[in-house]
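Enquirer: missing the sequence, but the structure's below:
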């Protein structure tokens, strides 16, 4: 009985765990879908607003066209700089400080964009026209700062890419040269060939020393004494020198003829 109750409790716990996991997964999926929808709506709204600003800046003159052009310049500069910095930070961590500065600059950009947007609905065109120089100066400061950050990040990425390409090109040239140098043997083969040559030279030197010493057991004075076991003496050489030393006035003996 107790075992059955324990099994029922365990089954209920497993069921509740699955239900909780399912609810958590559902919340995550719904949240991701909602964020995706919000992102799509924001992008669509931004596209529509940019298109409207372009139309106003080109199709209208006076204060309305000037305000639309300022907003368009401001939004374009800030958006492109944001994309450049955040994309570059994925591979270059030193851009994080630049992103912090850009976020501070974005606060001024949003404030100015909201002010320009409110001025589009302002009926007093003369007052707006009087404030246009100040609005242009503020817009110019923000866009120049954003452009400076963007171009600095791009120049940094371009410089790193150029250095990496130079290093890679040098390594490829070295490898190509090594691959084309087929006349040289590997170091291991050269060492083996040197050892074989030394061994061959040592063997030849040992063989030469053995040949110079002659066969073992050869009789001493074999060329001078009588031959053993024959009982006869070897004849003297024909050109052997006489025993007595001749005087200088004596005539030299005639050589024997061979006929």
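Expert: That came in fine, so what should we check first? Fair warning: this is a prediction, and the values are worked out from it, not measured in the lab.
Enquirer: Going by secondary structure, residue 123 is in what exactly?
Expert: Here residue 123 sits in a region with no helix or strand, counting by DSSP states H and E.
Enquirer: Where does pLDDT dip in the stretch 51-200 of the chain?
Expert: Segments of the stretch 51-200 of the chain classed as low confidence (criterion: pLDDT under 70) are 56, 59-61, 183-190.
Enquirer: Would you state the helices of it in chain order?
Expert: According to DSSP state H, counting those that start in this stretch, the stretch 51-200 of the chain carries its helices in the segments 63-89, 96-120, 125-180, 187-213.
Enquirer: Save these as JSON lines, and put in mean neighbour count too.
Expert: To be clear about C-beta, it is placed using only N, CA and C from the backbone, and glycine gets the same treatment. Rendered in JSON lines, the data for the helices of the stretch 51-200 of the chain read as follows (neighbours: other C-beta atoms under 10 Å):
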{"stretch": "helix 63-89", "mean neighbour count": "19"}
{"stretch": "helix 96-120", "mean neighbour count": "15"}
{"stretch": "helix 125-180", "mean neighbour count": "13"}
{"stretch": "helix 187-213", "mean neighbour count": "10"}
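Enquirer: Now distance to residue 55 too, for those, in JSON lines please.
Expert: Conversion of the helices of the stretch 51-200 of the chain to JSON lines gives the following (distance: least, C-beta to C-beta, whole Å):
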{"stretch": "helix 63-89", "distance to residue 55": "8"}
{"stretch": "helix 96-120", "distance to residue 55": "13"}
{"stretch": "helix 125-180", "distance to residue 55": "19"}
{"stretch": "helix 187-213", "distance to residue 55": "74"}
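Enquirer: closest to residue 15 out of the ones you listed?
Expert: Closest to residue 15 of the helices of the stretch 51-200 of the chain is helix 63-89 (C-beta to C-beta; 44.4 Å).
Enquirer: Just list what the closest one packs against, helices and strands only.
Expert: Here helix 63-89 touches helix 2-59, helix 96-120, helix 125-180, going by 3 or more C-beta pairs under 8 Å, 6 or more residues apart in numbering; DSSP states H and E.
Enquirer: between that helix and helix 96-120, how many degrees?
Expert: Going by axes from the mean of the first three to the mean of the last three C-alpha atoms, to 10 degrees, helix 63-89 is angled at 160 degrees with respect to helix 96-120.
Enquirer: Helix 63-89 to helix 125-180, inter-axis angle?
Expert: 30 degrees.
Enquirer: on that earlier part again, the helices and strands packed on helix 63-89: which one's closest to residue 207?
Expert: Taking C-beta to C-beta as the criterion, residue 207 comes closest to helix 125-180 out of the helices and strands packed on helix 63-89, the separation being 41.5 Å.
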